[in-house]
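In: Requesting a structural model of the entry that follows:
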Amino acid sequence: MLSSSPGFNKKRLFVISSLIIFVLGIFTHCDSPTEKEQYEGTDNSTSVVPGSAGDTLFITDTAWMVPHDVSTDSPSQNQLARFAWREFIALNWPSSYKLNGKRGAPDSTKNAKDFLAVGQDPNNPLVWQTYRHRVELFPIDTANFSSNFDAPPHYVYSDSIPNIDDEAIFLGSVDTIFNNLDETSEINLATVFISGDSTAPGAVSNPGIVSFLPGAPRRVIYEAKANKVFFQYVKEKKLYVTTIKNKLSAYTNQKISNATAGDTLGGIYPCPKNDSLICFPHGIIGGSEGSIEVKASWRQLSKAEYDSGRFLTAPILYYRQGKPSSPSNKVFYQVISGQVTASERPFGLVGLHIIHKTQNVPTYVFATFEQVDNLDYRLPENNLFLYNRNWNVVVDSGRQYIRNRIHTISTANMTVNSQVHRQINALDTSSVWKYYKLIGVQGLANGTQDTTDFELANIVTETNEVLANFVGTLDGLNGVIGNPNGVNVRRGNQTFVQGGCLGCHGNSQKTDFSFITANAPFEGLPDVVNQPLLIPGQDGGPLKKPNDTIPGY
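Out: This next block holds a predicted model:
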């Protein structure tokens, strides 16, 4: 309870003053903001009447509490957007790890002011950052599975990986870096990178690769993690043992795919009473917070971007093949701090997926956030580059620019974004969180294609046209939609053809919508940042072999 927390009087005064500031800060009525206005920082949102259904106070001293569910099994888009923002704030609250060694837990002694100041100390991990990484959840060797969720992070791959600066120090000895960026593409369909930073230490242009590609490109790289509820289920069901996981997922797939009128199997609440099915725990109001998975997208910042204060930074691990000074086939790991130094540039958070299984939405709530500069409407052309396996209608094939979003952000989502940003600005105009926004959120599967956010996609994650327009089944080998009319989500004995994140994850309903479970364990070595930007044989340049790397990158 708040009254029993340290510093209660201070917190109470802060909450009261925050409420007063917020009420006094209500703006006059005008049209809802356009996406361009939001990206340029213009707040022209419709005012919210205090006490109305749309009046939600997001930035409070107890905002560290993860919402366990939406209030109804048929939530409006506005309700889903508010739920998504409450999740985002709680998961980005300062964690208690440095205080008590607990992973995935908030520091409840921190208040709203502390949350808004997040980013000033990149070495203080946030709640979601201390979740278990996919290779901690499903190690290649089960002997490396730790039954203690709070154990320091431990990343083990098929081979030992040395440090790029000291080859006597191996990755297995690293236990303080929570952000392990070991993926460089979205299921091999979308590779995103931006132009190089000529001011970065060691920056090297790469003439002759392909005329329209940038020199010293900065790639978007990813990590996938899950919360303690997810971990406990993996532990109890022994899903980290590959033979057990494969047996249960095959049985689950068979039962759900062949559901009859009398079956109540996947995508429902409560989980069926069948120990052979995979069914992760639901979030329940008054009970468990439910299973939560996150996927974060990061990219290297220029010094100007870092100095702008518009990006959340943190220490990260990434991997490269060979050293810039002496290329080789050996894979190295490198730790990059969350601050600008004489020898390196930090990485900034540019996208965050949150998927949350709840009682009212047992097919998971899918929410995705972006940093506002991913699309810069103040420039005649965006400076993001990408290559796709399939032609993309929003990309200039001659230059590979991403010019615009395939599916615009809905008015409902933008209105809630503006409400949150107003509250942030009223309390701390320097907070990094005013530069992050909800792109979209999906609720209960219904197969209705005119539903808002039916084809939900993040511009730095599902950048490829196949993923941005995803619906039906996925042909991963060929990088295309297998069947746009293919059933991909099941709720009991009901079937749906769903789009976006929900439809894509529905292709993994054999492991209850979890790709990190379906694809586990993670064999081989992590992706390296200096892999070819384009698919060998299709790039028009000299990078023809899969093991070629980009010099100086």
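In: Quick one: the helices in this protein, in order.
Out: With helices called from DSSP state H, the chain shows them at 8-24, 35-39, 77-91, 97-100, 112-116, 134-137, 228-237, 242-257, 303-308, 411-427, 465-468, 500-506, 515-518.
In: counting contacts, what elements does the last one pack onto?
Out: Packing contacts for helix 515-518, counted by 3 or more C-beta pairs under 8 Å, 6 or more residues apart in numbering; DSSP states H and E, involve strand 221-226, helix 242-257. C-beta coordinates here come from the backbone N, C-alpha and C atoms, glycine included.
In: Quick one: the ones you listed as a markdown table, columns for distance to residue 107 and mean pLDDT too.
Out: Putting the helices and strands packed on helix 515-518 into a markdown table (distance: least, C-beta to C-beta, whole Å; pLDDT from 0 to 100) gives the following:
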| stretch | distance to residue 107 | mean pLDDT |
| --- | --- | --- |
| strand 221-226 | 19 | 97 |
| helix 242-257 | 34 | 95 |
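In: shaky segments in the stretch 51-200 of the chain?
Out: Residues of the stretch 51-200 of the chain that meet the criterion pLDDT under 70 lie in 51-55.
In: where exactly do the strands run in it?
Out: Residue ranges of the strands in the stretch 51-200 of the chain, as given by DSSP state E, counting those that start in this stretch, are 132-133, 179-180, 190-194.
In: Turn those strands into JSON lines, including distance to residue 415.
Out: Conversion of the strands of the stretch 51-200 of the chain to JSON lines gives the following (distance: least, C-beta to C-beta, whole Å):
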{"stretch": "strand 132-133", "distance to residue 415": "35"}
{"stretch": "strand 179-180", "distance to residue 415": "32"}
{"stretch": "strand 190-194", "distance to residue 415": "28"}
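In: May I see the ones you listed organised as JSON lines, with distance to residue 352 and mean neighbour count added?
Out: JSON lines is the format used below for the strands of the stretch 51-200 of the chain (distance: least, C-beta to C-beta, whole Å; neighbours: other C-beta atoms under 10 Å):
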{"stretch": "strand 132-133", "distance to residue 352": "15", "mean neighbour count": "23"}
{"stretch": "strand 179-180", "distance to residue 352": "12", "mean neighbour count": "24"}
{"stretch": "strand 190-194", "distance to residue 352": "15", "mean neighbour count": "25"}
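In: returning to what we had before: highest average neighbour count across the helices and strands packed on helix 515-518?
Out: Among the helices and strands packed on helix 515-518, ranked by average contacts under mean count of other C-beta atoms under 10 Å, first place goes to strand 221-226 (a mean of 24).
In: how about the helices of the chain in TSV, adding distance to residue 163?
Out: Formatted as TSV, these follow (distance: least, C-beta to C-beta, whole Å):
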stretch	distance to residue 163
helix 8-24	43
helix 35-39	39
helix 77-91	30
helix 97-100	23
helix 112-116	33
helix 134-137	18
helix 228-237	28
helix 242-257	29
helix 303-308	24
helix 411-427	39
helix 465-468	34
helix 500-506	35
helix 515-518	26
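In: Could I get the full set of strands for the stretch 301-450 of the chain?
Out: In the stretch 301-450 of the chain, the strands defined using DSSP E, counting those that start in this stretch lie at 316-321, 331-336, 347-356, 365-371, 384-388, 395-396, 401-402, 436-442.
In: Point out the other helices and strands that the fourth one packs with.
Out: Applying 3+ C-beta pairs under 8 Å, 6+ apart, one finds that strand 365-371 contacts helix 77-91, strand 347-356, strand 436-442, helix 500-506.
In: Equivalent analysis for the second one, please.
Out: Contacts of strand 331-336 with other secondary structure elements, assessed using 3+ C-beta pairs under 8 Å, 6+ apart, are made with strand 316-321.
In: Sheet-wise, list the partners of the strand it packs on with their directions.
Out: Strands adjacent to strand 316-321 in the sheet, as given by DSSP bridges, are strand 179-180 (parallel), strand 331-336 (antiparallel).
In: roughly how far out does it sit from the chain middle?
Out: Averaging C-alpha positions (C-alpha atoms, centre = their mean, to the nearest Å) puts strand 316-321 19 Å from its chain's average.
In: quick one: which of the helices and strands packed on strand 365-371 is nearest residue 174?
Out: Between residue 174 and these, the shortest separation by C-beta to C-beta is 16.3 Å, and it involves strand 347-356.
In: The nearest residue to residue 245 once chain neighbours are set aside: what's it in contact with?
Out: Nearest non-adjacent residue to residue 245, counting by C-beta to C-beta, 6 or more residues apart in numbering: residue 239, 4.4 Å away. Residue 239 sits next to 138, 233, 245, 248, 278, 517, 520 when contact means C-beta atoms under 8 Å, 6 or more residues apart in numbering.
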